[in-house]
Every structure is written in structure tokens, then in C-alpha cells.
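Peer 1: Test case, fold it:
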Amino acid sequence: MNATLLIAQRELGTYLRSMTGYVIAAILLLVDGLLFNIFAIGGDDKLSATVLAQFFFYTSGLTMIASVFISMRLVAEERQTGTLVLLTSSPVKDGQIVVGKFLSGFLFLAGVLALTIFMPLLIRVNGKISLGHLAAGYLGLLLLGAAAMAMGTLGSALARTQVLAAIFSGCMVTAMVLCWMLVRVTERPFNDVFASLAIHGKHFIPFQQGTIHLRDVVYYLMVVIVSLFTAVRVMEARRWR
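Peer 2: Next comes the predicted model:
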């Protein structure tokens with residue numbers, strides 16, 4: 001556990017010391033603010049709950065995109081610069097490396113999401129929002145971000161360069177999102193399977209509307225566990241080549 005935390009601390013420090021992390025955070029906040037003003041606040045008069053739900057909807061998409069770009073350097077950069085050999089030859093397990101790097105990316109993403117809190121609070125200027133709705137929405141964003149970050153960690157473990165890592169991760173996340181669209185063009189039992197696999201359509205909407213279902217929490221946690229488990233197996237397979 002100490003090795004995992006040390007790796008997470010080291011990687012998190014890298015994000016905070018480099019321009020890449022700040023650029024990703026700035027772009028996410030800028031685009032999120034623009035979407036919030038154009039689609040959520042702008043237009044006809046809306047209920048506060050509707051504005052808040054729309055904020056979580058647009059932020060969820062940006063969260064998945066940000067997760068892909070944050071995670072692309074986790075393992076791929078080490079392999080690209082040749083430092084992965086030093087890391088894997090040190091007295092740490094592959095699981096500790098993968099989990100530590102995942103935690104660093106997730107903590108950075110959580111910090112960026114925390115900075116968006118001023119946008120829903122602006123709704124309170126002329127309306128009212130439920131703290132339960134706010135908490136459920138941010139819980140959903142964190143779970144969605146964790147799932148996307150875990151898939152990004154897997155993509156980074158598979159790739160040799162950061163560009164390929166972003167492509168692999170983006171394809172995996174996009175495929176999980178598009179599962180919801182396949183529900184409309186397939187029949188049972190396949191539509192039920194695709195609906196259950198969809199990372200956004202079925203499992204995030206309840207959080208967006210202020211409702212927490214145990215099945216959705218378990219789903220996101222399972223995506224994280226399966227993705228990280230697969231990433232560890234990839235690391236172990238590469239170690240013995």
C-alpha cells in the first residue's frame with residue numbers, strides 16, 4: 001500500500017508541476033463554463049432542477065474526454081521515455097504500479113471537477129437547488145470519471161506512445177457510450193445487454209436527475225476493477241517478454 005501511495009503521490013506531483021495538467025484543467029473549465037451558459041442558463045426560463053441536470057449532462061461528456069487525455073501518459077509515457085524498465089525492476093508489484101497511477105489521475109480529475117462547483121452554485125442566485133441532487137450528480141461524475149480513467153489506464157498500458165494510448169482509450173470509452181445507441185436497433189435480449197454495458201445512457205442518467213441506485217454504483221466500480229485487473233495482466237505479460 002505504501003508503494004501504491006508513493007507512486008500516486010509522485011504521479012500527482014507530475015501533473016501539478018507540468019503544463020499539461022493545467023492546460024487540460026483550463027480547457028475543461030472553459031468549455032464547461034461556455035456550455036453551462038449557452039445551454040443550461042441560456043434560452044427560455046427553466047426550473048432550477050432542469051438547469052442542474054443539464055449541467056451534469058454536459059459535464060459528464062467533458063469528464064470522459066478529460067479522463068482520456070489525463071490517463072494517456074500514465075504508463076505510455078514511462079514506456080516511451082524508457083523509464084518503465086526502471087520502474088518494473090524496482091521492488092514494486094505491477095498491481096501497485098497500475099493502481100498508483102490510476103489513483104493519481106483520478107485525484108487530479110476529482111480536483112478539476114471540484115473547481116466546477118461554482119457553476120451549480122450560480123443557480124442559487126435566482127433559484128433553488130437540492131443539496132441531495134447536487135451530491136448525487138457529483139457522485140455520478142466521480143464514478144463516471146473513475147470508470148473512464150480506469151479504461152484510460154488500460155489503454156495506456158497497451159500502448160507504446162501517448163498518442164496511441166489516447167486513441168485506444170478513446171475507442172474504448174466511445175464504444176461503451178455507443179452501446180446505448182445499439183439498444184434502439186436491437187431486440188431482446190441483446191438490447192438489455194447493450195443497455196447494461198452503456199457507460200452513460202442508462203447508468204449516469206439517474207445521477208444526473210438526482211437519484212442514486214446501487215446497481216449503477218456497482219456497475220461503475222466493476223468497470224474500474226475489470227479495467228485495472230486487465231491493465232495489470234497486460235503489464236505482467238509485457239514484463240516477461
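Peer 1: Find the residue at the geometric middle of the chain.
Peer 2: G145 (2.2 Å; CA atoms, centre = their mean).
Peer 1: so who does that residue touch?
Peer 2: T63, M64, A66, S67, F106, L109, A110, L113 (CB atoms under 8 Å, 6 or more residues apart in numbering). In short, each C-beta sits where N, CA and C put it, glycine included.
Peer 1: the bottom helix or strand of this protein by mean pLDDT?
Peer 2: helix 84-89 (a mean of 62; mean pLDDT, DSSP states H and E).
Peer 1: helices or strands next to whichever helix or strand comes after it in the packing?
Peer 2: Once helix 84-89 ends, the next helix or strand along the chain (criterion: DSSP states H and E) is helix 94-114. Helix 94-114 makes packing contacts with helix 2-17, helix 19-35, helix 48-71, helix 84-89, helix 131-158, helix 214-239 when contacts are defined by 3 or more CB pairs under 8 Å, 6 or more residues apart in numbering; DSSP states H and E.
Peer 1: where does this structure have low pLDDT?
Peer 2: Within the chain, the ranges that satisfy pLDDT under 70 run 1, 40-46, 82-91, 238-241.
Peer 1: So the spatially closest residue to G61 that is not a sequence neighbour, which state does it fall into?
Peer 2: Nearest residue to G61 in three dimensions, chain neighbours excluded: H200, at 8.0 Å (CB to CB, 6 or more residues apart in numbering). Following DSSP: H, G, I helix; E, B strand; the rest coil, H200 is assigned to coil.
Peer 1: Tell me who's in contact with H200.
Peer 2: Shown in contact with H200 (CB under 8 Å, 6+ apart): S60, G61, M64, L144, M176, V177, W180.
Peer 1: got it, and G21?
Peer 2: Neighbour list for G21: T14, Y15, I70, F108 [criterion: CB under 8 Å, 6+ apart].
Peer 1: I'd like these as CSV, with distance to L28 appended.
Peer 2: Formatted as CSV, the contacts of G21 follow (distance: CB to CB, whole Å):
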residue, distance to L28
T14, 18
Y15, 13
I70, 10
F108, 11
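Peer 1: could these go into TSV alongside distance to V223 and neighbour count?
Peer 2: Output for the contacts of G21, formatted as TSV (distance: CB to CB, whole Å; neighbours: other CB atoms under 10 Å):
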residue	distance to V223	neighbour count
T14	25	16
Y15	23	21
I70	17	27
F108	19	22
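Peer 1: List just the nearest of these to A150.
Peer 2: Lowest distance from A150 to the contacts of G21 (CB to CB) belongs to I70, with 11.9 Å.
Peer 1: Which residue, other than its chain neighbours, is closest to that closest one?
Peer 2: Closest to I70 by CB to CB, 6+ apart is G105, at 4.9 Å.
Peer 1: how many neighbours does that neighbour have?
Peer 2: Using other CB atoms under 10 Å, the number of residues around G105 comes to 30.
Peer 1: so it sits right up against T153, yeah?
Peer 2: Yes - here G105 reaches T153: they are 7.0 Å apart, a contact under CB atoms under 8 Å.
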